[in-house]
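1. Return atomic coordinates for the entry below.
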Amino acid sequence: MPELPTAPVAAGSLVAGYLVARESGVRPLGGVVLAVAGAWCTRAWVRCAGPVTAGTLLATYLAGFAGSHPLAKRVGAWPSVLGVAALSGAASWALVDRRSRV
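-> Numbers count the residues shown, from 1 in each chain. You can find the predicted model right below:
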């Protein structure tokens, strides 16, 4: 059975983490979503592409999360979250998923 691609998990978890934090009013709960998904993605990235690529993608994921906060002040919460989710998902697809499926 093929493994779940990491791009939708990386992108989707940034959106889901935001939604959980926003709707529950408990920001750390959104962080739990990000931590679980980030750990799962990192494990898959290491297995498929090695530690250097995994580190690069984890840094992209974390920078997206951190960067979405100041970006939201300029463009709004949803455009910020969707933008960083798209960036993280695209990076994951380009560096891991696309190559794993060939």
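
2. could you give me the average pLDDT of the longest helix that the chain contains?
-> Taking DSSP state H as the criterion, the chain has its longest helix at helix 51-75. Across helix 51-75, pLDDT averages out at 97.

3. Quick check: next helix or strand after that helix?
-> Counting by DSSP states H and E, the element after helix 51-75 in chain order, helix or strand, is helix 77-92.

4. Tell me which residues are up against that next one.
-> By C-beta atoms under 8 Å, 6 or more residues apart in numbering, the residues outside helix 77-92 that reach it are 6-8, 10-12, 14-15, 18, 22, 41, 45, 56-57, 60-61, 64-65, 67-69, 71-72, 74-75. The way it works is simple: take the backbone N, C-alpha and C, and place the C-beta from them, glycine included.

5. how about the one helix or strand in the chain whose mean pLDDT sits lowest: buried residues?
-> Here the helix or strand of the chain ranked lowest by mean pLDDT, DSSP states H and E is helix 98-100, holding a mean of 82. Residues of helix 98-100 classed as buried: Ser100 (neighbour count, 16 or more other C-beta atoms under 10 Å).

6. Give me the distance from the host helix or strand of Val32 to the chain's centre.
-> Assigned by DSSP H and E, Val32 belongs to helix 27-49. Here helix 27-49 is found 8 Å from its chain centre; the criterion is C-alpha atoms, centre = their mean, to the nearest Å.

7. quick one, it and helix 77-92 angle?
-> Orientation note: helix 27-49 sits at an angle of 20 degrees relative to helix 77-92 (axes from the mean of the first three to the mean of the last three C-alpha atoms, to 10 degrees).

8. Any buried residues in helix 27-49, and which?
-> Neighbour count says helix 27-49 has Gly30, Val33, Leu34, Ala37, Gly38, Cys41, Thr42, Ala44, Trp45, Val46, Cys48, Ala49 buried, by 16+ other C-beta under 10 Å.
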